[in-house]
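*Asks:* Turn this into a structure:
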Amino acid sequence: MKYFVVCGDHEVQVEVEEHLGQRLVRVNGEHFELSYSEIDSLGQVAVQKDGETYALSMEGDTEQVRVTLAGHVYSLTLEDERERAAHEAVRAADRGRGPLRAVMPGFVAELLVTAGETVEAGAPLLVLEAMKMQNEISAPASGVVQSIAVAPGQAVKTGDVFLTLE
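*Replies:* Numbering: from 1, shown residues only. As a prediction, this is how the structure comes out:
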């Protein structure tokens, strides 16, 4: 699973995978070998990296976390891929028309509109299959579908253009 972590005005991408009982971590694409253990149920955690152990105190929820490390407090904002996609859809609605881009990788399962079709804000445009889930992508604003850049069954990467709405 990919996470987007913001601390102040600095953002990093953290990918966490389980493989053969071990957690593999990459930060901005760089592999880190680390492990952690929960010390108690109050958010106290020990993280081991390169033979060093760091004691962290964490509090908050799944979106906002305060981490204390060696007396320094860091406020973090967390989003996973699905939350980022949902928040990006809201931001796109605020921006209005233009190219509609994929906010996560997946496969175009179904196109629900044709070029030249007039759509209202919130109207379903296509279905994107990502992480074994069907995600309906809606029009961020009212307009006319100027062009369609994808086809059913096509794989898309983050940032690829689905269609253009004018």
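*Asks:* quick one, what contacts Thr77?
*Replies:* Going by CB atoms under 8 Å, 6 or more residues apart in numbering, Thr77 touches Val5, Val6, Cys7, Glu63, Gln64. The C-beta positions use only the backbone N, C-alpha and C, and glycine is treated the same way.
*Asks:* Looking at those, which one is closest to Asn135?
*Replies:* Distance ranking of these against Asn135, using CB to CB, places Glu63 first at 19.8 Å.
*Asks:* And that closest one, what's its pLDDT?
*Replies:* Listed pLDDT for Glu63 reads 83.
*Asks:* Tell me which residues touch it, please.
*Replies:* Counting by CB under 8 Å, 6+ apart, Glu63 has contacts Thr77, Leu78, Glu79, Glu83.
*Asks:* Which strand or helix spans Arg84?
*Replies:* helix 81-95 (DSSP states H and E).
*Asks:* who does whatever helix or strand comes next after that helix touch, helix- and strand-wise?
*Replies:* For helix 81-95, the following helix or strand on the C-terminal side (DSSP H and E) is strand 98-101. Counting contacts by 3 or more CB pairs under 8 Å, 6 or more residues apart in numbering; DSSP states H and E, strand 98-101 is packed against strand 161-165.
*Asks:* Pull the residues that contact the strand it packs on.
*Replies:* By CB under 8 Å, 6+ apart, the list of residues contacting strand 161-165 reads 97-102, 108, 113, 119, 125-126, 137, 139-141, 143-150, 156.
*Asks:* follow-up on the earlier one: let's see which of the contacts of Glu63 end up in strands.
*Replies:* Among these, the members falling in strands (DSSP state E) are Thr77, Leu78, Glu79.
*Asks:* Give me the nearest residue to Glu17, chain neighbours excluded.
*Replies:* Distances taken as CB to CB, 6 or more residues apart in numbering place Leu24 nearest to Glu17, at 4.5 Å, with adjacent residues excluded.
*Asks:* follow-up on the earlier one: just among the contacts of Thr77, which is most surrounded?
*Replies:* Counting neighbours by other CB atoms under 10 Å, the top entry in these is Val5, with 15 neighbours.
*Asks:* hang on, that residue packs against Leu78?
*Replies:* Yes - Val5 lies in contact with Leu78 (CB atoms under 8 Å); the separation is 5.7 Å.
*Asks:* Quick check: can you list the domain ranges of the chain?
*Replies:* 2-80, 96-165 (automatic domain parsing).
*Asks:* Just the CA atoms from stretch 29-43 would do, formatted as PDB, please.
*Replies:* Output of stretch 29-43 as PDB, limited to C-alpha atoms (Å, rounded to 0.1, in the frame of the first residue of the first chain):
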ATOM      1  CA  GLY A  29      11.400   4.700  -3.900                       C
ATOM      2  CA  GLU A  30      14.400   4.100  -1.600                       C
ATOM      3  CA  HIS A  31      14.300   0.700   0.200                       C
ATOM      4  CA  PHE A  32      14.600   0.700   4.000                       C
ATOM      5  CA  GLU A  33      15.200  -2.300   6.200                       C
ATOM      6  CA  LEU A  34      13.500  -1.700   9.500                       C
ATOM      7  CA  SER A  35      11.300  -3.300  12.000                       C
ATOM      8  CA  TYR A  36       9.100  -2.100  14.800                       C
ATOM      9  CA  SER A  37       7.400  -3.300  17.900                       C
ATOM     10  CA  GLU A  38       4.600  -1.800  19.900                       C
ATOM     11  CA  ILE A  39       5.700  -1.100  23.400                       C
ATOM     12  CA  ASP A  40       2.200  -0.500  24.800                       C
ATOM     13  CA  SER A  41      -1.300   0.200  23.700                       C
ATOM     14  CA  LEU A  42      -0.900   4.000  24.200                       C
ATOM     15  CA  GLY A  43       1.200   4.600  21.000                       C
END
